[in-house]
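Student: pasting the sequence and the predicted coordinates here, then a few questions.
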Amino acid sequence: METQKTAETSKRKHFIDNLRTLTILLLFPYHISMIYNNWGETFYIHGKDLTIPSLFVGINSMWMMPLLFALAGISTYYALEKRSNGEYIRERFNKLFLPFVFGVLLIVPIQPYLASLFLRGQAGYFDSFTWLTDLSGYDGAFSIGHLWFILFLFVFSLVSLPLLIWYKNKGKSTLGDKLPLPAVVLLGLLPCIGSVIKIGGESTKSPTENLAYFLLGYFLLTNEKLLEKLDKYRFQLLGCFVGYAVFSLYVIDGEFFEMISWLAILAALGLSRHYLDFSGKNAKYFAKSSFGVYFFHQSWIVIVAFFIFKVTDNPLWQIPTIFLVAVGATYLSYEICRRIAILRWMFGLKE
């Protein structure tokens, strides 16, 4: 029984890791596309308003971060199987909280600094630490940048831990095999309810909505029988995602928008379990580097964009150049930092 359980856990992790890797790699074109959004959000550097990049952001914003929170919930289930409660708390502190603090102090400030230079032509590097707006830093004020995800995840890991420990100590199995698939779909109403609480200004985030995705990942999406159903009905779920997205956006004006994200999560897990359940040298490398890539990618995108905009105003040159240079610089940063013990500790990287 133990051997079978270990094999199932290992099997799950392959497609979960590969799905997380693909989602994080998509953040490169996603945040580059944000530079060209046509709905008036300034981002740190803003270029021409372009329809295709804006559409790319709109489509992918429906599911990318909700999926990452759901995957984090799944990973938490396996982490608590292998670690004591104390070990888990220490691991979360070392791998999430410390990198968040060092990242906000050392990695993120370049983004609001360059935003101030881009918008006003002058700025002091540490000026962002002297004024506060919505924490995005798009206007040059203090920013936690893209590391909001890491902060949320750290908080979720701690505030939900008593519930997770209680459930674990009761010897409960995950709930997925006890619910029919339509009931699982309807649980997407929980993030809808959670979305009423938002923080931030121009770039709003909902901690309660994302906590719902995290807990749904832990309690539901770790169940093999449910994952088998998601695999079996992967194309139907994908069709439901597309159909409901169109219905929500164009018929009911975005009501229950979070249900789109939940349907996308279910479809993505079904598709990835069917097509991405593999391992290998490259897959292991990308899975191992995914946290570091998330950590460094946005700062490099902003840096490269700032200087490329001084060279050319043609998006056909800007976009591929930003992509190639930012990807290369991100992986170079990761490779350097993971080889230096103090930097590896500061940024929560695997050796």
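Tutor: Perfect, I can see it now.

Student: outline the domain layout of the chain.
Tutor: 25-49+280-351, 62-108+144-277 (automatic domain parsing).

Student: looking at those, which has the lowest confidence?
Tutor: Mean pLDDT per stretch puts domain 62-108+144-277 lowest among the domains of the chain, at a mean of 91.

Student: how long is that one from one end to the other?
Tutor: One end of domain 62-108+144-277 to the other measures 24 Å (Cα to Cα, to the nearest Å).

Student: again, but for stretch 208-227
Tutor: End-to-end for stretch 208-227, by Cα to Cα: 25 Å.

Student: go through it and flag the buried ones.
Tutor: For stretch 208-227, burial by neighbour count (16 or more other Cβ atoms under 10 Å) applies to 209-224, 226-227. The way it works is simple: take the backbone N, C-alpha and C, and place the C-beta from them, glycine included.

Student: distance of Lys284 relative to Leu117?
Tutor: According to Cβ to Cβ, to the nearest Å, Lys284 and Leu117 sit 40 Å apart.

Student: try Val108
Tutor: In terms of Cβ to Cβ, Val108 sits 15 Å off from Leu117.

Student: which parts of the stretch 51-200 of the chain are helices?
Tutor: Ranges of helices in the stretch 51-200 of the chain, per DSSP state H, counting those that start in this stretch, are 51-60, 64-82, 85-92, 98-102, 110-120, 148-159, 161-169, 181-186, 189-194.

Student: which residues are in contact with the fifth one?
Tutor: Taking Cβ atoms under 8 Å, 6 or more residues apart in numbering as the criterion, the residues outside helix 110-120 that touch it are 42, 44-46, 122-125, 127-128, 137-143, 145, 298-299, 302-303, 306, 309.

Student: of these, just the buried ones, ChimeraX syntax please.
Tutor: Buried residues among those (16+ other Cβ under 10 Å), as a ChimeraX selection:
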select :42,44,45,46,123,127,128,137,138,139,140,141,142,143,145,298,299,302,303,306,309
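
Student: ok, back up a step: mind putting the domains of the chain in JSON lines, distance to Phe15 included?
Tutor: Below are the domains of the chain laid out as JSON lines (distance: least, Cβ to Cβ, whole Å):
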{"stretch": "domain 25-49+280-351", "distance to Phe15": "10"}
{"stretch": "domain 62-108+144-277", "distance to Phe15": "4"}
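
Student: quick one: list the elements packing against the helix or strand Gly328 falls within.
Tutor: Gly328 belongs to helix 315-338 when elements are defined using DSSP states H and E. Judged by 3 or more Cβ pairs under 8 Å, 6 or more residues apart in numbering; DSSP states H and E, the packing partners of helix 315-338 are helix 27-34, helix 281-311, helix 341-346.

Student: can you check which of the domains of the chain gets nearest to Asn18?
Tutor: domain 62-108+144-277 (4.1 Å; Cβ to Cβ).

Student: how far away from the center of its chain is that closest one?
Tutor: 10 Å (Cα atoms, centre = their mean, to the nearest Å).

Student: one more: stretch 296-306?
Tutor: The answer for stretch 296-306 is 17 Å, by Cα atoms, centre = their mean.

Student: then it to CSV, C-alphas only?
Tutor: C-alpha atoms of stretch 296-306 as CSV (Å, rounded to 0.1, in the frame of the first residue of the first chain):
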residue,chain,number,x,y,z
PHE,A,296,13.8,37.4,-11.3
HIS,A,297,11.7,37.6,-14.5
GLN,A,298,9.7,40.8,-14.1
SER,A,299,12.6,43.0,-13.0
TRP,A,300,14.5,42.0,-16.0
ILE,A,301,11.6,42.6,-18.3
VAL,A,302,11.3,46.2,-17.0
ILE,A,303,15.0,46.8,-17.2
VAL,A,304,15.3,45.6,-20.8
ALA,A,305,12.2,47.4,-21.9
PHE,A,306,13.4,50.7,-20.4
